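Chemist: Structure for this input, please:
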Amino acid sequence: MRTLLTALISCLMLIGCNIKQQNNENKDSERAEILFHTTMGDFKMALFNETPLHRDAYLLLTKCGYFDSLLFHRVINNFVVQGGDPNSKFAREGDFLGEGEAFRIPAEIRFPQLYHKRGMVNAARMGDDENPKRESCALQFAIMTCGPLSEERIKKGQQRIHAGTDSTVNLSSEMIETYKNIGGSPHLDAQYTIFAEIVEGMDVVDKIQKVSVDENDRPITDVRIIKASVVKE
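Modeler: Okay, the predicted model is just below:
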């Protein structure tokens, strides 16, 4: 598995320069889509052209069958559904998952254009101390599931943004209204790369976020990606 992943990521890095050069050309083109068939139903993810390194990485990984049989290893109700850990494919009960990701993609943070409203998908990453450039884990993704937020929670989110960006980033009035009416996780804004959004099957994601979990936020009954496939490119 690790040899295959090394080859995949090495290939992605080799074409990285071409991807960056094509960014402006592809920005307004139709978005690629990936269909995830899971043990609890199907959902579809559309990839943003504004984050071409992440877009092309996920298309490559999907075509190679990387996501097939992996678990959603971290589920927190009213916050996040996370998957993509390669160690989850053959994980046993009680195994701790989600740490130690070695493969990284340069950050493509596109705030304020892309922010963490409900249904957005970001790339997991190590913390700022280990990862000051905020590079993304190349394999793990997290879906924002939080519902409408109170003014107090939005205010706390803004305080977290200030702490993480030296008070250089502020939520716009439009973002605040979206967080109030739709939901999301504003405390992550401008600090993580958002590279996709759920365009179909958010009800399935909501079912996943409500499953019972253990002390490490891993579902007690495994929730697995049966197969992921590119349905539009």
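
Chemist: Provide a complete list of residue ranges assigned to helices in the chain.
Modeler: Per DSSP state H, the chain carries helices over the ranges 2-14, 16-21, 23-26, 52-63, 151-165, 173-181, 202-209.

Chemist: low-scoring stretches of the chain, by residue?
Modeler: The chain contains residues with pLDDT under 70 at 1-28, 99-102.

Chemist: which stretches of it form strands?
Modeler: 33-38, 41-47, 74-76, 80-83, 104-105, 120-123, 136-137, 141-144, 194-200, 225-232 (DSSP state E).

Chemist: which ones are touching the closest residue to Q158 other than its chain neighbours?
Modeler: Nearest in space to Q158, with sequence neighbours left out and distances taken as C-beta to C-beta, 6 or more residues apart in numbering, is L171 at 5.6 Å. Heads up, the C-betas are built off the backbone N, CA and C, glycines and all. By C-beta atoms under 8 Å, 6 or more residues apart in numbering, the contact list for L171 reads Y115, I154, G157, Q158, I161, Y179, P186, D189.

Chemist: swap in V230?
Modeler: Applying C-beta under 8 Å, 6+ apart to V230 gives the contacts A32, E33, I34, L35, L59, T62, K63.

Chemist: how about TSV for these, with distance to D222 and neighbour count added?
Modeler: Shown next, in TSV, are the contacts of V230 (distance: C-beta to C-beta, whole Å; neighbours: other C-beta atoms under 10 Å):
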residue	distance to D222	neighbour count
A32	28	21
E33	26	18
I34	21	22
L35	20	17
L59	26	17
T62	21	23
K63	25	14
